[in-house]
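> I would like the atomic coordinates for the input below:
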Amino acid sequence: MIAAHVKALAEYDAEPGDNPKSPAVARANALVTKTRQALFDHRPTNLAEATRKGEFMASCRTFIEWDDFDQVQLINALTPMAG
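Next up, the predicted model:
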């Protein structure tokens, strides 16, 4: 999932900035948003995965600069599944 989000960000960044409302930019933005949400929704299976995910989220602008999530969502995203 991290790789998919990194790829989506790279594709978004590769779009020319002259027309931010173009269909290509809208598609790239939608993919960034979708892969970001997938990272929030996926629960790690162990502490090592939670650590990798947390380190990535702490270094990625879509988690640092975007403020459209709450603490509970972040905690759930980083808490390993029981079992």
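
> show me the residue at the heart of the protein, geometrically.
Central residue of the chain (Cα atoms, centre = their mean): R36, 2.5 Å from the mean position.

> excluding its backbone neighbours, what's nearest that one?
Closest residue to R36 apart from its sequence neighbours, by Cβ to Cβ, 6 or more residues apart in numbering: T62 at 5.0 Å. Placement of C-beta: from N, CA and C, glycine included.

> show me what the longest helix along the chain packs onto, helices and strands only.
Longest helix of the chain, by residue count under DSSP state H: helix 23-41. Secondary-structure packing of helix 23-41 (3 or more Cβ pairs under 8 Å, 6 or more residues apart in numbering; DSSP states H and E): helix 2-14, helix 47-59, helix 61-64, helix 71-78.

> turn those helices into a markdown table, columns for mean neighbour count, distance to V32 and mean pLDDT.
Putting those into a markdown table (neighbours: other Cβ atoms under 10 Å; distance: least, Cβ to Cβ, whole Å; pLDDT from 0 to 100) gives the following:
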| stretch | mean neighbour count | distance to V32 | mean pLDDT |
| --- | --- | --- | --- |
| helix 2-14 | 14 | 5 | 96 |
| helix 47-59 | 13 | 14 | 96 |
| helix 61-64 | 14 | 6 | 93 |
| helix 71-78 | 12 | 16 | 92 |
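
> and for A24, the neighbour number?
Neighbourhood size, A24 [other Cβ atoms under 10 Å]: 13.

> again but with K34, I slipped
With neighbours defined by other Cβ under 10 Å, the count for K34 comes to 12.

> cool, G17 as well?
Count around G17 with other Cβ under 10 Å applied: 7.

> tell me the contacts of M81?
The contact partners of M81, taken as Cβ atoms under 8 Å, 6 or more residues apart in numbering, are R43, P44, T45.

> next: T62.
H5, L9, V32, R36.

> now D41
Neighbouring residues of D41 by Cβ under 8 Å, 6+ apart: A77.

> quick one, grab the pLDDT at it.
Listed pLDDT for D41 reads 95.

> and what of G83?
For G83, pLDDT reads 65.

> and E49, how far from E15?
31 Å (Cβ to Cβ, to the nearest Å).

> no more questions from me, cheers.
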